[in-house]
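>>> fold the following, please.
(chains A, B, C and D)
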Protein chains: 2
Amino acid sequence: MPRSADLTRKCILEAAYRLFRRQGYSRVSMDEIAAAARLTKRTLYYHFRSKDDLLARVLEAQHELALQAFQSFADQMTGSAEAIVEAMFRELAVWVDKPRWAGSGFTRLVIELADLPGHPARTIARRHKAQLERSLADLLGRAGIERKEELAREIWLLSEGAISLILVHGDRGYSAAAMRAARTLVRHHTEVPASTRTKRRYVQRRPSRTALAS
Amino acid sequence: MPRSADLTRKCILEAAYRLFRRQGYSRVSMDEIAAAARLTKRTLYYHFRSKDDLLARVLEAQHELALQAFQSFADQMTGSAEAIVEAMFRELAVWVDKPRWAGSGFTRLVIELADLPGHPARTIARRHKAQLERSLADLLGRAGIERKEELAREIWLLSEGAISLILVHGDRGYSAAAMRAARTLVRHHTEVPASTRTKRRYVQRRPSRTALAS
DNA sequence: GGAAGTAAATTCACTATGCAGTATACTTTG
DNA sequence: CAAAGTATACTGCATAGTGAATTTACTTCC
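Numbers count the residues shown, from 1 in each chain, chains lettered A, B, ... in the order given. You can find the predicted model right below:
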């Protein structure tokens, strides 16, 4: 067998991920990927059935890497929940500050395919986000948070929101705001044990239907 | 002059928005838009210079509508900040529950064009989000919040995060989590006037660089 | 009132290009 | 040699954008 197939596949996956992450799915052609991987298109189709298949495999590979990275981050973290969350958002700030940053690969690709619920890439992305959220919850649990799932989800919301808004505005200040909000939420979860949470709220007169339909 | 041009333009804009919102930018063809508007493609090019131009105009039009909708929502709101924010997230929950919902048109389109900072659509979307954030801050200010810009930004982060995650997961539960978090943040901003906010935090040993690079 | 003029609005038919995917032949290595 | 891997050259289709004719409704002048 000439030129180990594994190497070729890895090379293709990496080149494809770089392009997909920067330019999304449909705006990247198989020819471009082939060129970036220094191969011909035909070789791509030898290793992957189709463009959609390639995307799915790319996301799978990135899922592994990201999960590993998060685990190694989590393993280093032993302090308070507040310290953990601060470290997370510091990482986020560093990450989004990269010069040609163009959003989370997963989020970006899934949003592009938002109207194709059956697409394999979506399934993988869903699993990915779910698993990361669970890992964060575990980490928070180890730091003594009681309602760890709740907090993890809230933190995750802030992080995704920051990514999205930084992308829209180009204003990196959102990561600072997210960190500040996250700090508040963590404190609330540590200081207030588990009560005064689901109090009945009074309701304003019925609001217009489309206020947020932006 | 045959068939008032204004009407035709409106019709095109509406058809284009419906398609763009559902399927994104690149996966919608001018032919499809023309068909949806019951016109020929050539007519589209009579009214709009290019596909990119059309997109920009579509977003401009939606900007007007969304802003108006938010204002009419804001004008009805007179209660406490907490009530306002709750109403907002209730709206969000209703909105994302629409059967064929596929994300905020703005967010979705801007993310698709994330690597094209010069695109006119991006400029418009940026202005849009900024203006809505400012309107929310005003509303919160009127409800007695002191650091209204801070809170508005935090709320906005939660809302964008929810949209993004609901899109990825298909799990509408995120809007409930966002509302819960928002409630916490509002309370923090009302109960704690404006202190104990920027305390020095202790730092964990340096975290790995790529933990969040998903 | 109506014919003729006119410019806006719209259509049909077309070009050119880009792209996913393929048929087939060649090359490398065990 | 044989099988895994790679390259050249191609098909067919979708799509952004265009050239030129044609229709439409409003104005002007008799």
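
>>> other SSEs contacting the host helix or strand of A:Gly141?
A:Gly141 is part of helix A:120-142, with elements assigned from DSSP states H and E. Here helix A:120-142 touches helix A:51-76, helix A:81-96, helix A:105-112, helix A:148-169, helix B:148-169, going by 3 or more C-beta pairs under 8 Å, 6 or more residues apart in numbering or on different chains; DSSP states H and E. Where you see a C-beta, it was placed from the backbone N, CA and C, and this is true even at glycine.

>>> name the residues that touch the shortest one?
Surrounding helix A:105-112, the residues in contact under the criterion C-beta atoms under 8 Å, 6 or more residues apart in numbering or on different chains are A:17, A:20-21, A:24-26, A:55, A:59, A:62, A:66, A:102, A:121-122, A:125-126, A:128-129, A:160, A:163-164, B:24, B:103, B:107-108, B:111-112, B:114, B:164, B:167-168, B:214.

>>> report the angle between that helix and helix A:51-76.
Interaxial angle, helix A:105-112 versus helix A:51-76 (axes from the mean of the first three to the mean of the last three C-alpha atoms, to 10 degrees): 140 degrees.

>>> quick one: mean pLDDT for helix A:105-112?
Mean per-residue pLDDT for helix A:105-112: 88.

>>> now the last one
Helix B:148-169 shows an average pLDDT of 94 in the prediction.

>>> that one and chain A in contact?
Yes: counting by C-beta under 8 Å from any C-beta of the partner chain, contacts between helix B:148-169 and chain A involve B:150, B:153-154, B:156-165, B:167-169.

>>> beyond that helix, next helix or strand please.
For helix B:148-169, the succeeding helix or strand toward the C-terminus, using DSSP H and E, is helix B:173-191.

>>> for that following helix, name the packing helices and strands.
Using 3+ C-beta pairs under 8 Å, 6+ apart, the elements in contact with helix B:173-191 are helix A:148-169, helix A:173-191, helix B:81-96, helix B:148-169.

>>> now those helices in JSON lines, with distance to DNA strand C and mean neighbour count?
Converted to JSON lines, the helices and strands packed on helix B:173-191 look like this (distance: least, C-beta to the nearest atom of the strand, whole Å; neighbours: other C-beta atoms under 10 Å in any protein chain shown):
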{"stretch": "helix A:148-169", "distance to DNA strand C": "23", "mean neighbour count": "25"}
{"stretch": "helix A:173-191", "distance to DNA strand C": "32", "mean neighbour count": "21"}
{"stretch": "helix B:81-96", "distance to DNA strand C": "31", "mean neighbour count": "21"}
{"stretch": "helix B:148-169", "distance to DNA strand C": "23", "mean neighbour count": "25"}
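
>>> tabulate these (TSV), appending distance to B:Ser135.
Formatted as TSV, the helices and strands packed on helix B:173-191 follow (distance: least, C-beta to C-beta, whole Å):
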stretch	distance to B:Ser135
helix A:148-169	16
helix A:173-191	17
helix B:81-96	11
helix B:148-169	9
